[in-house]
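# Provided below for reference: sequence and predicted model.
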Amino acid sequence: MFSAQLKNELWKLFGKKRTYIGFGAFLLAQTAMLLAFKYTRWQSDFEKLLAGNGYLATEFISVLTVSLVMLIPQIMLLMPLYATLVGGDLVAKEAEDGTLRMILSRPISRLRLLFVKWSAGIIFAIVLVVALGLTALGFASLLFPWRGMFVFSPGQAFSVFSAHEGLLRFGFSHLFLAVNASVMVSLAFMFSCFNMKPAAATILALSVLFVSMVMENIPFFDRYENWFITHHFKCWLLIFRDPAPWTQICQSEIVLFAVSATAFVIGAMAFQVRDIKS
Amino acid sequence: MIQLAHVSKKFAGRMAVDDLSFTVARGEIFGLLGHNGAGKSTAIGMMLGQVWPTGGTVQICGHDVQANRSAALRPVGAIFEAPVFYDYLSAWRNLEILSAYTAPTSKARLREVIDWVGLTGREQSKVRTYSHGMRSRLALAQALLPKPELLILDEPSDGLDPEGIHEMRLTILRLQRELGLTILLSSHLLNEVEQLCTRIAVLQQGKKVFEGNVADVRTARGKVALKTADFGRATRLLLERGLITATVEERFITLADGRTTAEVTQTLVAAGLPVAGIWQHEQTVEDFYLNLIKPPPAKN
C-alpha cells in the first residue's frame, strides 16, 4: 500500500506545472552561464588561472570543469529556492486548496500521510539534483571536449583530476548535493506542516538557510561553524579535495541526515495536533 | 452508526461546539441543521478525526474516532462543500489517488463507481474541464469508492444550480434506497433537509437546540390559521381571555397551553364575530427552524 500511495503522491507532485519551474529555471541559467563562459572573458580569465598554477588550459578546459563552474552559483542560489518551493507546497498547498480535508476523511494516519509526502519530497530533491548534473554535463559537452577536470573553489578545493576520476567525483558530489537538497525540502516541509500558507513555509525555510549562511560568515561564529546547516552543505565540494577528507564529509552528512529527520519529526508533531478545517 | 457523547470544541477561547450529543441509527438520513458558523462543519470534522475535540467522545460503528481513527473511518465516505480535486489530473487519476488512502481498489470498482455517478466517457478528462455539477458527481464517486456504510455529506448542494440541487437530492435518496447507506447530511437548505431527512438536529452557536423526527416537527403544536371578518378585534378578545399567546402575520394565532380551536371558535361566535375558518397550520421545517433560532424578544 505504501508504494501505491508514494506513486500517487509522485503523480500529484510531478503532475503540476509548478514543480517544473525549478527545472526550467536551471535549464535557462545553465544555457546562459555556458554561453557567458564561452563568449565572455570568463573563459580567458579561467585559462589565466590555470596557467598561473602551472597547468595547460587546453588540458583542463573541459566538460567536467565547465559543468562544475556552471553548477556552483546555481546550487548556491537556485537550488534552495526551488527545493523549498516544492517542500513548502507539500502539505500547506493541499491544506490551502482543501484536498487535505478530503484525504483525511480516509482511514490513513496523519503520520503515514506525512511520511509518504516527505518521501515524495526527497525523491523530488534527488531528481532535481540528478537533472541538474546531467543537464550541466549535457550542455557543456556541446561546446567543450572530454578532458581532465580542474576544480577551483576558494577555501574548499583546488585540484586536478583525470577525466575518469573527475567524473567519479562529480557523481559523488551529486550524492551529497542530493542530501543538501533533501535537507532544504525537509525544512520547508516542516514549516508546511504548521498552519500557514505555502509561500510562508517556503520563505521561513529560506530564511533559516539565509540566517545560517550569514552567521556562518561572521568571524565571531567561526568556532561555532559546526552548528550551521550551510557549513555542512559545503561538504559536496570537499569531495574534490585530494585526498578527500572522508571523516569530515561523513560528519557533515550525519549532521544533515539528523537535521532532515528532526525537521520531519517536528513537522509530524505539529501536524498531529493540528485541526484541519476548511 | 454515529454516536457523539458530550462533544465540545473550543477555538481560541470561543466554543465552536458545546456539549453536543446525538446518535445516528443505521439506515437513516440524519440532518444537521444550523446557520453558517453554528458548528456543523466542526462537528463533522470531529467525526472524521480532522478536528480534535476539547471534550467528549465520537464513535463511528463502535470505534472511537480519536483512539482508533483507521477502524472508525474504514466504512465512511465523505463529501465536503465546494468539492476540490487535483484539477491538473484526470478524474480517473484523482480517484486512484484518493482510493490509495483507504485500501487497494480494482479498476473494475473504479469503473463501476464512475458509471454509477454518470461520468462514464469523461473519466479521462482533466478535472479542470469539469462543471460544478460534474465535480459534485466526482466527489460522490470518491466517497463511494471504499463501499461505505456511512456517508457524511457536508453541504453537498453548496454552489449547485437548482437543477443540480434537485439531482443531488435524487442521488441521495437513491444512495439510501439502492445501497442502503446511512447518511448524515449537514445543510442550511431547509427544504432539502425536509425532503430528505428522517431525523434532524439543530445547532445554534455550537449548542444543540433541537433533536427529533421531521414528521414530529411538521405536526408539532404551532400556529393556527384563523379566518374571520375582523382579525384585529378577534385576536384582542382572544388575548384578553387568555386563549392565545400571540398573533402572526394577521393570519395566524398561537394557542395558549391547554386551549383548543373549539374554545376559540365558541368565544368568537359568542362575541358576534363569525369564524370563516380555523385550522391547525402544518408547519414546514423552515417555519420550525426559524421559530427555533429566532432571538428572544428584547425585555424592556
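Arrived safely, thanks for sending.

# assumed B:Ser157 was part of a helix.
No. Read with DSSP: H, G, I helix; E, B strand; the rest coil, B:Ser157 is coil and lies in no helix.

# B:Gln124 belongs to a helix, doesn't it?
No. Applying three-state DSSP, one finds B:Gln124 to be coil, outside a helix.

# can you spell out the domain ranges of chain B, please?
What automatic domain parsing lists as the domains of chain B is B:2-218, B:221-282.

# from the chain's centre, how far out does the longest one sit?
The gap between where domain B:2-218 is centred and where its chain is centred comes out at 11 Å by C-alpha atoms, centre = their mean, to the nearest Å.

# what's the answer for stretch A:238-249, then?
Remark: stretch A:238-249 is offset 19 Å from the chain centroid, using C-alpha atoms, centre = their mean.

# same thing with stretch A:14-33?
Using C-alpha atoms, centre = their mean, the offset of stretch A:14-33 from its chain centre is 14 Å.

# tell me the pLDDT of B:Asn300.
Listed pLDDT for B:Asn300 reads 48.

# scratch that, B:Ala220
pLDDT at B:Ala220 comes out at 59.

# could you do A:Gly155 as well?
68.

# could you do B:Pro297 as well?
Listed pLDDT for B:Pro297 reads 55.

# now swap in B:Leu190 and tell me
81.

# pretty sure it is touching B:Asp287, no?
No. In this structure, B:Leu190 is not within contact of B:Asp287 by C-beta atoms under 8 Å, at 9.1 Å. For the C-beta atoms, the positions are set from N, CA and C on the backbone; glycine is no exception.

# related to what we said a few turns ago, so which of the domains of chain B comes closest to A:Thr230?
domain B:2-218 (34.2 Å; C-beta to C-beta).

# tell me which element B:Phe30 falls in.
strand B:29-33 (DSSP states H and E).

# toward the C-terminus, what is the element adjacent to that strand?
Next along from strand B:29-33, by DSSP H and E: helix B:40-47.

# contacts for that following helix next, please.
Residues outside helix B:40-47 that contact it (C-beta atoms under 8 Å, 6 or more residues apart in numbering or on different chains): A:275-278, B:2, B:4, B:7, B:9, B:11, B:16-17, B:20, B:32-34, B:51-53, B:58, B:60, B:65, B:78, B:152, B:154-155, B:184, B:186, B:203, B:206.

# and the angle from that helix to strand B:29-33?
Angle of helix B:40-47 versus strand B:29-33, following axes from the mean of the first three to the mean of the last three C-alpha atoms, to 10 degrees, is 130 degrees.

# can stretch A:15-24 be said to contact chain B?
Yes. Judged by C-beta under 8 Å from any C-beta of the partner chain, stretch A:15-24 comes into contact with chain B at A:Gly15, A:Lys16, A:Lys17.

# who in the stretch 51-200 of chain A is up against chain B?
Going by C-beta under 8 Å from any C-beta, the residues of the stretch 51-200 of chain A near chain B are A:97-99, A:101-109, A:113.

# now, which of the residues you listed lie within helices?
Using DSSP state H, the members of these that fall within helices are A:Asp97, A:Thr99, A:Arg101, A:Met102, A:Ile103, A:Leu113.

# the chain: strands as residue ranges?
The chain I'm using is chain A. Assigned by DSSP state E, chain A shows strands spanning A:149-153, A:157-161.

# my bad, the chain I had in mind was chain B
Taking DSSP E as the criterion, chain B carries its strands at B:2-11, B:14-24, B:29-33, B:55-60, B:63-64, B:76-79, B:150-154, B:182-187, B:199-204, B:207-213, B:223-228, B:244-248, B:252-255, B:275-280.

# nearest to A:Ala140, of those?
With distances scored as C-beta to C-beta, the stretch of the strands of chain B nearest to A:Ala140 is strand B:76-79 (52.9 Å).

# who does that closest one touch, helix- and strand-wise?
helix B:132-144, strand B:150-154 (3 or more C-beta pairs under 8 Å, 6 or more residues apart in numbering or on different chains; DSSP states H and E).

# what angle do the shortest one and strand B:29-33 make?
With the same axes, to 10 degrees applied, the angle from strand B:150-154 to strand B:29-33 works out at 30 degrees.

# and strand B:150-154, does that touch chain A?
Yes. Legend: contact between strand B:150-154 and chain A by C-beta under 8 Å from any C-beta is shown at B:Ile152.

# report the angle between that strand and helix B:132-144.
Using the same axes, to 10 degrees, strand B:150-154 lies at 150 degrees relative to helix B:132-144.

# and the pLDDT for A:Arg41?
88.

# state the number of residues packed around the residue nearest to A:Ala200 when sequence neighbours are not counted.
Leaving out its chain neighbours, the residue that sits closest to A:Ala200 by C-beta to C-beta, 6 or more residues apart in numbering or on different chains is A:Phe191, at 7.2 Å. Neighbour count for A:Phe191, taken as other C-beta atoms under 10 Å in any protein chain shown: 26.

# surely A:Asn195 and A:Arg274 touch.
Yes. With contact defined as C-beta under 8 Å, A:Asn195 reaches A:Arg274; the gap is 6.0 Å.

# those two: who's more crowded?
Here A:Asn195 and A:Arg274 are set side by side on neighbour count (other C-beta under 10 Å), and the busier one is A:Arg274, at 17 against 13.

# list the contacts for that one?
A:Cys193, A:Phe194, A:Asn195.

# run the last query once more with 7 Å
A:Asn195 (C-beta atoms under 7 Å, 6 or more residues apart in numbering or on different chains).

# so what's it scoring on pLDDT?
At A:Arg274, pLDDT is 93.

# for the one 3 residues further on, same thing?
A:Lys277 is assigned a predicted lDDT (pLDDT) of 81.

# how many residues are close by A:Phe271?
Neighbours around A:Phe271, by other C-beta under 10 Å: 22.

# run a quick neighbour tally on the nearest residue to it once chain neighbours are set aside.
Leaving aside its chain neighbours, A:Phe271 sits nearest to A:Cys193 (4.1 Å; criterion: C-beta to C-beta, 6+ apart). Look at A:Cys193: counted by other C-beta under 10 Å, it has 26 neighbours.

# residue contacts, A:Cys193?
A:Val91, A:Leu114, A:Gly267, A:Ala268, A:Ala270, A:Phe271.

# I'd say A:Pro107 and B:Gly77 touch.
No. The pair A:Pro107 and B:Gly77 fails to qualify as a contact (C-beta atoms under 7 Å) at a distance of 11.1 Å.

# quick one, which of those two is more surrounded?
B:Gly77 (26 against 20).

# list phi and psi for B:Cys61.
Phi and psi for B:Cys61, reported as degrees, to the nearest 10, are phi 50, psi 40.

# show the model's pLDDT score for the residue nearest to the spatial centre of chain A.
Nearest residue to the geometric centre of chain A (C-alpha atoms, centre = their mean): A:Ala181, 2.9 Å. In this prediction, A:Ala181 carries a pLDDT score of 96.

# good, we can wrap up now.
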